[in-house]
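> Predicted model and sequence follow; I will ask about them next.
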Amino acid sequence: MLVELNPEQLAAASHGDGPLLIVAGAGTGKTATLVHRVAHLISRGADPRRILLLTFTRRAAAEMLRRVDELLGTQASSEGRVHERIWGGTFHATAARLLRIHARDIGMEPDFTILDRSDSEDLLHVARTALGLGRDGARFPQKSTCLDIYSRCVNARLPLPEVLRSAFPWCETAEDGLKELFARYTDAKEEQQVLDYDDLLLFWRGLLADPVAGKRVRERFDHVLVDEYQDTNVLQAEIVSLLRPGGDGVTCVGDDAQAIYSFRAATVRNILDFEQRFPGAEVLTLTRNYRSTAPILAATNAVIAEADERRDKVLWTERSDGARPLLVTCRDEDEQTGWLCERILDHREQGTSLTRQAVLFRAQHHSLALEIELSRRNIPFRKYGGLRFVEMAHVKDLVAFLRLAENPRDAMAGLRVLGLVPGIGPVTAAALGEALAAGGGDFASWAAVKVPEPARGAWPAVVALLCSLASAGPGEVPAQIHAVRTVYQPLLERRYDNAPARLRDLEQIEALAARAGDRAQFLADLVLDPPAYTQELAGPPLLDEDYLILSTMHSAKGLEFDVVYVMHAADGNIPSDMATGSSAEIEEERRLFYVACTRARDQLYVTHPLRYYTQPWAKADTHGYAQRSRFLSAAVLTHFAQTQAAPEPRGADGQPVERTGSTAIRAGIPARCGNKLKDRTPRRHDRSGEAHGG
């Protein structure tokens, strides 16, 4: 089973039970090593039901468990296949699962619902409005910023004053108001029995900290394995420690050079300080790269070698082929865009399909000019890093019906559903919410309520729908969604434009629900593992099977492509001028650039425009010049070939075109004082003014 591993991977996969950190460089077979580690544990007698595998995406967990089954060659038993018995999933999904089981141990009901980000913002906004914050003439943070601050406090385990001082200094004057706001927000969630995304981890930690419930949870697991450990925050690291306090059975895999999510409160310190958290831990490093060519690795090794603090490793490969990465200097953004399109098409003609090529950028707006030019040239593309499926208004409307049926105390879902009915405003919605609470959450209590005249046409169907949903069985999720679509369709057509495309989105949700176990799990999945890319949504389907990948650097992590183009490699863009306030931020930007460059298998291009216009769309002349990214230092550039986007012109025979020189230009100046210019003999004058030859 372990014969296919290299010596470094074999040592990691066959490690004993002590705490283990596997430092896995980019492209070194991290997933294969972790899969073999799990399979090895089971083959030597570990009970699959007592193994917990924590990842950051459900897809990653499912893929790893599928590969474990393949390695073990097991057949389904009365208890199911191995992957069905292992506890595998994301931190947040695992937290939700455990909290459903142990909710009453910490004073909760197991029918709680989970708020997505926009619903959390709305609930915060309700509390903000009720408290009158921002009405005293002083600026107060908007709801999205308030949620960011709250999330940082929870995940970084830091007090509010420190979070404001370090990450939100422009909000320090709002400290007192924020304390009051967060208290009101917490009380509202407690009253409604809802948890936001951050609460899942907070309550899981609280469950583990409880002397009775924590012991029961710990007894479930003998082994805890964590993928992408460099992406964990302080709270997640504490959860891992509380699951296995002595460190026995803990295996963490990650790469400090790919720690790029501090904006989510992730901290590189977790992987750098692993031995302090788990004394006696063994650290094994994977350095053989199976992805990139040697020239690309030489360049990326040089980029990360300049980091202030890191775990030493030099990646190597047996792929000695390939050209050096190319740094392309462009006069401006337009020239960069044109060069990229030409090179992308050239690679396509040479046999590299568009889907095997990716253009990476630091911020979403950096690709706008490129998107326009790609559309003009009829080059299809898909862009990653945009609005998520469940954040679309019509999708949230449908989900609100299901959430309200699942948990009638969910005030935000109730307000959204009631707000869809014509004639029902905030005042009427609040009264209906009180009537529902007084009726013990029985939607039949709404049938006798007198609603405004404009609402009377749709109201009976809405009430009947909610009564039906509340009494539906656990395995009828597609039928429930179909019922919601039937009632919601006229409301959608009245409320939104482009209704046919939006209705197709809802049909996709109904199809997706066919794989759902029950309604509560389906709702949790939509929040915890939503679709990731923009063009999965309303609009015409993507007809071309071949399309170029456009992606932010953050969204490209974990992916690989034959050809990678990293654009806008100018200081202010890479690193972003919004992330240069401290050395820690700059170091993370360096790691982000490293991640982008290590996505390339065969060819890496980095483009650097010299000139940026201040008003690019207005075609104004005002512009500034940009310096090359500080991460492309002299030492790094020795590993790059360099060229200009617009090279010197050449004649039909391939030879450089003869150019006009300065001497020839000066030869055209009219002779002074009637003398021919070709007579260039120096002349001098005596005091009388008479000229003499030299």
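Received, thanks.
> Given the strand or helix carrying Leu360, what are its sheet partners and their directions?
Assigned by DSSP states H and E, Leu360 belongs to strand 357-361. Within its sheet, and counting by DSSP bridges, strand 357-361 is paired with strand 548-552 (parallel), strand 561-566 (parallel).
> I'd like those strands as JSON lines, with distance to Arg244 appended.
C-beta coordinates here come from the backbone N, C-alpha and C atoms, glycine included. Listed next are the strands paired with strand 357-361 as JSON lines, based on distance: least, C-beta to C-beta, whole Å:
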{"stretch": "strand 548-552", "distance to Arg244": "35"}
{"stretch": "strand 561-566", "distance to Arg244": "37"}
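> Surely Cys171 forms part of a helix?
Yes - Cys171 sits within a helix when classified using DSSP: H, G, I helix; E, B strand; the rest coil.
> residues contacting it?
When contacts are counted by C-beta atoms under 8 Å, 6 or more residues apart in numbering, Cys171 touches 141, 145, 149, 164, 178.
> Worst mean pLDDT among the strands paired with strand 357-361?
The minimum mean pLDDT among these belongs to strand 548-552 (a mean of 93).
> low-confidence ranges in the stretch 301-450 of the chain?
When residues are selected by pLDDT under 70, those of the stretch 301-450 of the chain lie in 385-391.
> May I ask you to name the longest strand in this protein?
Longest strand in the chain, counting residues (DSSP state E): strand 600-613.
> and that one, average pLDDT?
92.
> What is the burial count for Thr287?
Close neighbours of Thr287, defined as other C-beta atoms under 10 Å, add up to 16.
> these two touch, right, it and Glu8?
Yes - using C-beta atoms under 8 Å, Thr287 is in contact with Glu8, at 6.7 Å.
> Tell me the helix or strand right after the strand holding Leu360.
Counting by DSSP H and E, what follows strand 357-361 is helix 368-376.
> Show me what counts as buried in that following helix.
For helix 368-376, the buried set under the neighbour-count rule, 16 or more other C-beta atoms under 10 Å, comprises 369-370, 374.
> And Leu243, how far from Trp204?
As judged by C-beta to C-beta, to the nearest Å, Leu243 and Trp204 stand 10 Å apart.
> Asp602 now?
If you measure Asp602 against Trp204 using C-beta to C-beta, the figure is 43 Å.
> The two - which one has more neighbours?
A direct count of neighbours by other C-beta under 10 Å for Asp602 and Trp204 places Trp204 higher, at 26 against 19.
> pLDDT of the strand or helix carrying Val68, averaged?
Val68 belongs to helix 58-72 when elements are defined using DSSP H and E. Mean per-residue pLDDT for helix 58-72: 87.
> Which strands or helices does the helix or strand just after that helix pack on?
For helix 58-72, the succeeding helix or strand toward the C-terminus, using DSSP H and E, is helix 82-85. On a contact count with 3 or more C-beta pairs under 8 Å, 6 or more residues apart in numbering; DSSP states H and E, helix 82-85 meets helix 58-72.
> quick one: contacts of the helix it packs on?
Here helix 58-72 has contacts from 1, 31-32, 34-36, 38-39, 42-43, 53, 55, 81-83, 86, 88-90, 93, 227, 525, 528-529, 558, using C-beta under 8 Å, 6+ apart.
> can you give me the offset of it from its chain's centre?
Centroid displacement of helix 58-72 relative to its chain, using C-alpha atoms, centre = their mean, to the nearest Å, is 22 Å.
> Flag every buried residue along it.
Burial within helix 58-72, assessed by neighbour count using 16+ other C-beta under 10 Å, is assigned to 58, 60-61, 64-65, 67-69, 71-72.
> Out of those residues, flag the one nearest to Pro575.
Ala60 (28.0 Å; C-beta to C-beta).
> Return the distance of that closest one relative to Ala358.
Counting by C-beta to C-beta - Ala60 and Ala358 are separated by 19 Å.
> just the buried members of the contacts of helix 58-72?
Looks like these have 31-32, 34-36, 38-39, 42, 53, 55, 81-83, 86, 88-90, 93, 227, 525, 528-529 buried, using 16+ other C-beta under 10 Å.
> Next, count neighbours for Ala183.
Neighbour tally, Ala183, other C-beta under 10 Å: 12.
> Just say helix, strand or coil for it.
Assigned with three-state DSSP, Ala183 falls in the helix class.
> about what we covered before: which one of the buried residues of helix 58-72 sits closest to Ser551?
Ala60 (17.5 Å).
> give the contact list for the nearest residue to Ala570 once chain neighbours are set aside.
Excluding the flanking residues, the one nearest Ala570 by C-beta to C-beta, 6 or more residues apart in numbering is Ala626, at 3.7 Å. The contact partners of Ala626, by C-beta under 8 Å, 6+ apart, come to 570-573, 608-612.
> Pull the number of nearby residues for Ile586.
So Ile586, with other C-beta under 10 Å, has 16 neighbours.
> Secondary structure element holding it?
Going by DSSP H and E, Ile586 is in helix 583-597.
> separation between the nearest residue to Thr293 once chain neighbours are set aside and Ser555?
Residue nearest to Thr293 in three dimensions, not counting chain neighbours: Gly322, with 3.1 Å by C-beta to C-beta, 6+ apart. Distance of Gly322 to Ser555, computed by C-beta to C-beta: 25 Å.
> now the angle from the strand holding Leu360 to helix 368-376?
Angle of strand 357-361 versus helix 368-376, following axes from the mean of the first three to the mean of the last three C-alpha atoms, to 10 degrees, is 150 degrees.
> So what touches strand 357-361?
With C-beta under 8 Å, 6+ apart as the test, strand 357-361 has contacts from 340, 344, 347-348, 367, 370, 548-553, 556, 559, 561-568, 573, 596, 599.
> If we use 7 Å, what do you get?
Residues from elsewhere that reach strand 357-361 (C-beta atoms under 7 Å, 6 or more residues apart in numbering): 340, 344, 347, 367, 370, 548-553, 556, 561-568, 596, 599.
> just stretch 230-249 next, same as before
For stretch 230-249, the external contacting residues (C-beta under 7 Å, 6+ apart) are 17-19, 56, 91, 154-157, 201-202, 204-205, 208-209, 214, 218, 221-224, 226, 250, 254-256, 258-259, 261, 264-268, 270-271, 277-278, 281.
> quick one: buried residues of it?
Within stretch 230-249, the residues that qualify as buried are 230-244, 247, 249, counting by 16+ other C-beta under 10 Å.
> Out of the contacts of stretch 230-249, list just those in strands.
Per DSSP E, the subset of the contacts of stretch 230-249 in strands is 223-224, 226, 250, 254.
> Would you mind giving those residues as JSON lines with pLDDT, neighbour count and distance to Gly661 added?
Below are the ones in strands among the contacts of stretch 230-249 laid out as JSON lines (pLDDT from 0 to 100; neighbours: other C-beta atoms under 10 Å; distance: C-beta to C-beta, whole Å):
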{"residue": "His223", "pLDDT": "96", "neighbour count": "24", "distance to Gly661": "75"}
{"residue": "Val224", "pLDDT": "96", "neighbour count": "23", "distance to Gly661": "72"}
{"residue": "Val226", "pLDDT": "96", "neighbour count": "26", "distance to Gly661": "66"}
{"residue": "Val250", "pLDDT": "96", "neighbour count": "25", "distance to Gly661": "71"}
{"residue": "Gly254", "pLDDT": "95", "neighbour count": "24", "distance to Gly661": "58"}
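> Of the residues you listed, just say which sits nearest to Ile304.
Gly254 (14.5 Å).
> ok, that closest one touching Asn270?
No - Gly254 sits out of contact with Asn270 when judged by C-beta atoms under 7 Å, with a separation of 8.3 Å.
> hey, what's in contact with both of the two?
Common contact partners of Gly254 and Asn270 (C-beta under 7 Å, 6+ apart): Tyr229.
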